[in-house]
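**Q** show me the folded form of this:
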Amino acid sequence: MTILDNAESRNGFTFDGWSETENGNATYKPGDTFKITGNVNLYPVWKKIPEYTITYHLNNGTISQKSVYKGEATTVDVSDSRTEYEFQGWTTMKEGAVVYKIGDKVEITENMDFYPVWTVDPVDDDPAGPMEPSEPANPSKPSEKGDESEEPTIPSEPSDSPLKRMNLQRTTKQTPPTRTHRPIRMAVQAWALPQWPR
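**A** The predicted model follows:
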């Protein structure tokens, strides 16, 4: 007779074979053959799978643990936070480089310790804060009353204003010729009047 495999499964255990006594050691393995001489009772023998622990050392001083069976793949799904820093991932030694990031698969063969890796948050990297607007190098001062160095500016008139056109007509009007006055010579004759006795 050929020994069959066990169709059942048990969480955290692997099937190790068959025993002729309950809670006994495995006497037969799947595929073994033996001769039957009477009624035989066979009992499954289970072997516990080694279980390991992943310990996440968080920034606030607490820890987060996750148990995983040997050879089983698990997903890194624990994150961390720290003021003014950005979380990059996990390392397996203090002050080490990033080894695992969120979403990575890890096959566990022993107990493991994970430590967070940080970088300074670029948003808060400038300690000086926002810059204030600077004043001009040579601010201009308004002229004081009585300052003769600056003369008032007279606004210019539009080129087509009525006043401009009137001034233009005045300047272009023909000036009458200048008349020259000549002196008039007059002949004066003296007449002798008779003198009468008084």
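**Q** which stretches in this structure count as strands?
**A** 13-19, 43-48, 51-57, 63-69, 73-75, 85-91, 105-107, 112-120 (DSSP state E).
**Q** those strands: which one's closest to residue 5?
**A** Nearest to residue 5, of all these, is strand 13-19, at 7.5 Å by CB to CB. The C-beta positions use only the backbone N, C-alpha and C, and glycine is treated the same way.
**Q** and the contacts of that closest one?
**A** The contact list for strand 13-19, computed with CB atoms under 8 Å, 6 or more residues apart in numbering, reads 3, 5-6, 8-9, 25-30, 42-49.
**Q** for the strands of the chain, give me CSV that also has distance to residue 35, mean neighbour count and mean pLDDT.
**A** Converted to CSV, the strands of the chain look like this (distance: least, CB to CB, whole Å; neighbours: other CB atoms under 10 Å; pLDDT from 0 to 100):
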stretch, distance to residue 35, mean neighbour count, mean pLDDT
strand 13-19, 16, 17, 93
strand 43-48, 20, 15, 93
strand 51-57, 40, 16, 95
strand 63-69, 38, 14, 93
strand 73-75, 43, 12, 93
strand 85-91, 57, 18, 96
strand 105-107, 43, 12, 93
strand 112-120, 49, 17, 95
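**Q** tabulate those strands (TSV), appending distance to residue 34.
**A** Below are the strands of the chain laid out as TSV (distance: least, CB to CB, whole Å):
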stretch	distance to residue 34
strand 13-19	10
strand 43-48	15
strand 51-57	34
strand 63-69	32
strand 73-75	38
strand 85-91	52
strand 105-107	38
strand 112-120	44
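**Q** of all those strands, which lies closest to residue 98?
**A** When these are compared by CB to CB, strand 85-91 sits nearest residue 98, at 3.9 Å.
**Q** quick one, helices of the chain?
**A** All helices of the chain, identified by DSSP state H, fall at 162-172.
**Q** before we move on, back to that, let me know which of the strands of the chain is the nearest to residue 37.
**A** Per CB to CB, nearest to residue 37 of these: strand 13-19, 17.0 Å.
**Q** appreciated, that's everything.
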